[in-house]
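>>> coords please:
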Amino acid sequence: MIKISGDYQYRALHKGPAPQCLWHYNKLNFTKCLGIDFKNLKIVDVGCGSGNFLFEYKNHFKYGIGIDINYEAISFIRERIKRERVNNVDTMVRDMLKDKIILKEQVDAAVCLDFLEHFKEGVIGDTVIPKIRELIRKGGFLIVTVPNRVSYWPLLERMLDFLKLVPALGKEQHLTSFDKKTLSKLLIKEGFSIKHIGTFNHVSPFLFSKKFAELFLPVEVKYLKALGPLIFVIARKED
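Model (predicted):
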């Protein structure tokens, strides 16, 4: 397993080169393009990393719980919670393959941003999705992003690995590849219905301006349904 620093996603969002910052920024904001409101919801962020999603929406949801296997990432979040005096975010260190995940009550929505691809294909449907599903109340939502193999992502991934611009991705962190069809089929099999599916980050991260990214991201989410390097799915738990 590659060791990732606890603040990695935070630095990528706030201190990385412009395309990297905007790439991560868009992952936090594509839901706004769909009119999704987290106000007063109970949220779990599975594979939360440095907690970018939790801190972006802390003033909207009722409370949020971050789960990650990386103790350094959870420690980073806990230090930030204390420093910023955040009282509606909690964390836990858990291994999705080995540990039982128990919450005080089921949540309204689970968020998995660039998380599922870190597991081998067989265990995603057998173990990971069922565990996440149990955390969500009936009628609640699962929000997922994964890299899109039917896009320029595989080429970009190889370039990033070759240039060593990020921690190794191909065959190191990313163990399973997805397209919209395979991801939809997996979630439907596990008792979810697909409410929104599409792709984004076609060009918006490479406009080198948050203002321009904010203008173009809604176009990608609403109208450019294919070929973007990241797939998004909003799915509803039906039973």
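>>> Show me the longest strand that occurs in the protein.
Counting by DSSP state E, the longest strand found in the chain is strand 136-147.
>>> how about that one as PDB, C-alpha atoms only?
Backbone C-alpha positions of strand 136-147 (Å, rounded to 0.1, in the frame of the first residue of the first chain) are rendered in PDB as follows:
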ATOM      1  CA  ILE A 136     -27.700   4.800   4.400                       C
ATOM      2  CA  ARG A 137     -31.400   5.000   5.400                       C
ATOM      3  CA  LYS A 138     -34.000   3.700   3.000                       C
ATOM      4  CA  GLY A 139     -34.600   6.500   0.400                       C
ATOM      5  CA  GLY A 140     -31.200   8.000   1.200                       C
ATOM      6  CA  PHE A 141     -28.600   8.700  -1.400                       C
ATOM      7  CA  LEU A 142     -25.100   7.600  -2.500                       C
ATOM      8  CA  ILE A 143     -22.900  10.100  -4.300                       C
ATOM      9  CA  VAL A 144     -20.000   8.600  -6.200                       C
ATOM     10  CA  THR A 145     -17.200   9.700  -8.500                       C
ATOM     11  CA  VAL A 146     -14.700   7.400 -10.100                       C
ATOM     12  CA  PRO A 147     -12.200   7.800 -13.000                       C
END
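>>> Report how many residues lie close to residue 200.
Other residues near residue 200 number 29, with proximity taken as other C-beta atoms under 10 Å. C-beta: built from backbone N, CA, C; applies to glycine.
>>> Please give me every residue in contact with it.
26, 30, 217, 220, 221, 224, 228, 230, 232 (C-beta atoms under 8 Å, 6 or more residues apart in numbering).
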